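Peer 1: Sequence first, then the predicted structure:
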Amino acid sequence: MADRFPSPFDMPTPPGAEGWQELYAYSSVFSDDRREYEESTFWFMDGVHTPEVIPPWDATILEYAIIALSQYNTRHYVIPPALGVDIRFLNGYMYLSPVGVADPDEIGARVPEFAERAGYYFQHWDELYAAWLPKVRALIRELEAISFEALPDREDMEVITEGRGQGSALDLLTSYHRLVDLTLKLWHHHFEFLNLGYAAYLDFFGFCKQLFPSIPDQAIAKMVAGIEVDLFRPDDEIKQLAQLAVDLGIASRLEGRADAALASLDDEAGRTWLAAWDKAKEPWFNFSAGSGFYHSDKVWLENLDIPFGFLQTYITKLRRGDSLERPMGAVIAERDRIVSEYSELIGSNEDRATFEGKLGLARTVFPYVENHNFYIEHWGHSVIWRKMRDLGRIFVKEGFFADADDIFLLSRHEVPEALYDMYHGWAVGVPSRGPKYWPRENARRAAIMDALRQWSPPPALGVPPEVITEPFTVMLWGITSDSVKQWLGGAQADGGLTGFAASPGIAEGPARVIFNADGIGDLQDGEILVAPLTAPSWAPVFGKIAATVTDVGGIMSHAAIVCREYGLPAVTGTAFGTKSIKTGQRIRVDGNTGQVTIID
Amino acid sequence: MAHVIWFTECQPSDAAAVGGKNASLAAMVRAGLPVPAGFAVPADAYRKALADCGLAADVESITAAADPADPASIATAGAAARAALASMRPPSGLADAVGAAYAQLCGQAGRADVPVAVRSSATCEDQPDASFAGEHDTYLWVRGADSVVTHLVRCWASLFTDRAIAYRWQMGYPTTAAAMSVGIQTMVQPRAAGVAFTLNPVNGDRSQVAIDASWGFGEAVVSGEVTPDNFLVDKVMRQVTQRTISAKAVEYCLTESDTVAARPVDPDRQQVPCLSDPEILAVAAMARAAEKHFGCPQDVEWALAARGRDEASVVLLQSRPETVWSRRAAPGATGTADSIASIVATLLDPHHGRPAVAG
């Protein structure tokens, strides 16, 4: 077995993708300027958030996410053993390198600072968290309020009569900068609690493993799991709408495609239901069918056929007499039983008290860990993508782009340049260069993106540490010394796969390998879903499938959380699931041990 | 003192009379655990037989001559003592009482000459600090009242197996103080059997039940002749957390001459798990029930009684306090109640909670 991964400098550029580096920030690509450092460190591909090629503008959100994470570790809370996470794009894929603090003295010196700063957050968690939600809602309202208006032929007369002394193009530029800055602010808010929340959870996790070395991971997760989680709200809303449709006797009219069906609801019952549907949309349909990190991830609000399809699935279930309710009473009773039985097995009262204290803190922090995802990655990002498309449409109008989505082929720094070009032509009264330049350039870039998609990124690059101790690699990405070993060794010889035992149970069935939300319609009852990762918006498919296998993610990944909720076996983080398993193969998923076996 | 004491009627106050193993079986019966029916012949019967036959003094002098440092002298003394005891006759009335009780077992089982296990239950066995595990003899698949009485006497004699003499010496139990009660218990013909610990013997984790299981009678597992399948079950989650299937080369089963003997397992059956998941969970639940009843970690023997083709039920054959980890403190938790200090420790070593390597 090799002891290192390939050097990032040995990675060939896929044919046809020459020049891809220029599409990303100069500081975010591997270069000879930092070669010695870049070659000697460990980089892993972030398949959890970005399993596919990242378009140039989409890289903005990733850079902002990672930089916000980093600053909290390094500058806010002074996490003793960890600085930030370094980021590079290679052939369009994102590689990350969490940076630890090596010097034990320096770690020691950081401890009191961390205790003071993080301690303040833990002690005041409830009040700080109570302030978080209004803060984020206000921020998203600010994002919503941004509007991009095409440049007028003449400035309005009011600009003259009010003596404003400034023009529309400045608004356009300002609005763009504002969108970008608010995106960064959104990510500052994202990491205000997340790392501390994970740390407290991991502390409880570790304590349970000390008390009970063989305790299953998901038993610990079940002890802290939230009962009412906003991440499940979109799905719950659809269930309620399905029930309402049945109650109102209009279920049979909700067939076919969304637009036609919704337009037909012109009587009283129909309007009652439509009002409920419209009410559910804001904010709950700001829900991405993917991870939310790609502009191409389909958002329910703009793709009503997605939630409408789920609605139809639920209506069918209701007509069959199935219940759609998540069995809350049973879930709570089970959680309480698990806690009290482990507590009984603890040898000393002192340990029991510590267990209860840590459980309490983990439960305090956990709602954030589960819920933030809806507000940031789903709602916040949906608004950002929407606003960017609004701006894209202005470029289309001015002949710069063929399609509004072409704006995502520009890096965030190039958008103001293109705006300036548009502004210049408009101000001077001459042709802008854009209408000639960007269609040609974007065609070239689209071809580069396609070429990059043909490349298969290795799971890691560079030199792995002997043991993975950097806490965020473990906590946020679920990468351990074992996963590194597995990557170095490749898939098991017998075709078996190992991952996290993320949700208990054993299931056997035909596999259905699906790479994105577009494929979930192919899933048949009783099939086992095999995917790079799952998104929360796939929730309705969990009523159909027998089990889930993912390439990436740990026991706190979406697939894990949802499968536990639905009582389905899940093995996450297998690294090679979608590569090793073919649709139609019979596989056996053991969610108790984390083993996946290909039977034929 | 009665000649026989039924497990169902045996009280905690009878423990000294019926020995550790029988007392434990009776306690399991009282706890409602699925223990096969049976009765004890109290140790007084042994003492009376010894006295009636005038052997008490002989046995004492024979064993006093043994030098604990010299295995050969123990072997000589043991053989002499066993030969003397083999000639014992049960006290008058005992054979009839045992025969009557045995007939009752046959009645309960609905078959003539029901097979029984005749088990030694020495008065010094199963102390918290000394298990005496396997020091005395047990006879399996004994059928017919006469044979039961014959094996009863053999159990008495097994108080002087070489290993029992040596073990008593090591543990400081005077030979003259030891007496033998015997348990007679209906036997089932198991499809699989084995042992279970109500903690993980590798790391002392009390949230787990560890099961060793193999084909046929449990003797192959207890004696260590076979590498059993090993299962770990989480008591709270009631799920199998680890399974190791081994090549089970040997099984004890009934021969054509109606005795229990070892025979090789067909190669194609060796690697087949000997328990299904529901069966594993049933064994674990029963072991856990025993632990809850006795209030401390248990080391149990169990068997899976075949009932027709697809049906099986678990029976408990023995339950005694686990003696290795019970003497140690529960697995140490170094996590501190000070949350910040503990979170710092977690950040410094995010793996401290990761599953440890066995050992």
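Peer 2: Now that the structure is in, tell me what you want to look at. Residues are numbered from 1 along each chain as shown, chains lettered A, B, ... in the order given.

Peer 1: for the helix or strand harbouring B:Trp141, the distance to its chain's centre please.
Peer 2: Element membership of B:Trp141 [criterion: DSSP states H and E] is strand B:138-142. Mean-position distance between strand B:138-142 and its chain equals 13 Å (CA atoms, centre = their mean, to the nearest Å).

Peer 1: got it, and stretch B:253-269?
Peer 2: Stretch B:253-269 sits 21 Å away from the centroid of its parent chain (CA atoms, centre = their mean).

Peer 1: Walk me through the domains of the chain.
Peer 2: Going with chain A. Domain assignment for chain A by automatic domain parsing gives A:8-119+A:457-475, A:125-196+A:379-452, A:492-598.

Peer 1: That was the other one, I meant chain B.
Peer 2: Taking automatic domain parsing as the criterion, chain B consists of the domains B:5-186, B:190-327.

Peer 1: Please point out the stretch among those domains with the lowest average pLDDT.
Peer 2: Looking over those, mean pLDDT reaches its minimum on domain B:5-186, with a mean of 85.

Peer 1: Next up, the contacts around the spatially most central residue of chain A.
Peer 2: Chain A has A:Ser291 as the residue nearest its centroid, 3.6 Å off, counting by CA atoms, centre = their mean. By CB atoms under 8 Å, 6 or more residues apart in numbering or on different chains, the contact set of A:Ser291 is A:48-50, A:297, A:377, A:533, A:535. (Each C-beta comes from the backbone N, C-alpha and C, glycine too.)

Peer 1: Now it. Its backbone dihedrals?
Peer 2: phi -80, psi -10 (degrees, to the nearest 10).

Peer 1: How about the one 10 residues further on?
Peer 2: Phi and psi for A:Leu301, reported as degrees, to the nearest 10, are phi -50, psi -40.

Peer 1: What separation is there between the residue nearest to the centre of chain A and B:Ala284?
Peer 2: From A:Ser291 across to B:Ala284, the span is 40 Å (CB to CB, to the nearest Å).

Peer 1: those helices in chain B, which residues are they?
Peer 2: Applying DSSP state H to chain B gives helices spanning B:15-30, B:43-52, B:56-64, B:71-86, B:94-109, B:145-157, B:162-171, B:219-222, B:267-270, B:277-294, B:339-348.

Peer 1: An error on my part: the question was meant for the stretch 351-500 of chain A.
Peer 2: Counting by DSSP state H, counting those that start in this stretch, the stretch 351-500 of chain A has helices at residues A:381-397, A:414-428, A:434-453, A:471-477, A:481-489.

Peer 1: Pick out the residue nearest the middle of chain B.
Peer 2: B:Gln318 (4.4 Å).

Peer 1: Please tell me how far the closest residue to A:Ser343 other than its chain neighbours sits from A:Glu344.
Peer 2: Nearest residue to A:Ser343, sequence neighbours excluded (CB to CB, 6 or more residues apart in numbering or on different chains): A:Arg352, at 5.9 Å. To A:Glu344, A:Arg352 is 9 Å away according to CB to CB.

Peer 1: Show me which of the two is the more surrounded one.
Peer 2: Neighbour comparison, A:Arg352 and A:Glu344: the larger count goes to A:Arg352, with 16 against 13 (by other CB atoms under 10 Å in any protein chain shown).

Peer 1: From what I see, the more buried one and A:Tyr342 are in contact.
Peer 2: No: if you go by CB atoms under 8 Å, A:Arg352 and A:Tyr342 don't touch, sitting 9.7 Å apart.

Peer 1: By proximity to chain A, which residue of the stretch 51-200 of chain B wins?
Peer 2: Nearest residue of the stretch 51-200 of chain B to chain A, counting by CB to the nearest CB: B:Asn200, 5.3 Å away.

Peer 1: who's in contact with that residue?
Peer 2: By CB under 8 Å, 6+ apart, B:Asn200 lies in contact with A:213-214, B:208, B:210, B:232.

Peer 1: One more: A:Lys582?
Peer 2: The contact partners of A:Lys582, by CB under 8 Å, 6+ apart, come to A:511, A:513.

Peer 1: which SS state does it fall under?
Peer 2: When classified by DSSP: H, G, I helix; E, B strand; the rest coil, A:Lys582 comes out as coil.

Peer 1: quick one: it from A:Val513, how far?
Peer 2: Shown here: A:Lys582 relative to A:Val513, a distance of 7 Å by CB to CB.

Peer 1: what's the burial count for A:Pro439?
Peer 2: Neighbours of A:Pro439 using other CB under 10 Å come to 15.

Peer 1: Against A:Asp403, how distant is it?
Peer 2: 10 Å.

Peer 1: Not counting stretch A:465-477 itself, show me its contacts.
Peer 2: So stretch A:465-477 is contacted by A:42, A:44, A:46, A:48, A:69, A:73, A:79, A:81-82, A:85, A:96, A:98-100, A:194-195, A:198-199, A:202, A:479-481, A:484, A:554, B:346-351 (CB under 8 Å, 6+ apart).

Peer 1: For it, buried residues please.
Peer 2: A:468-477 (16 or more other CB atoms under 10 Å in any protein chain shown).

Peer 1: go on, stretch A:138-157?
Peer 2: Counting neighbours by 16+ other CB under 10 Å, one finds that the buried residues in stretch A:138-157 are A:139-140, A:143, A:146, A:148, A:151.
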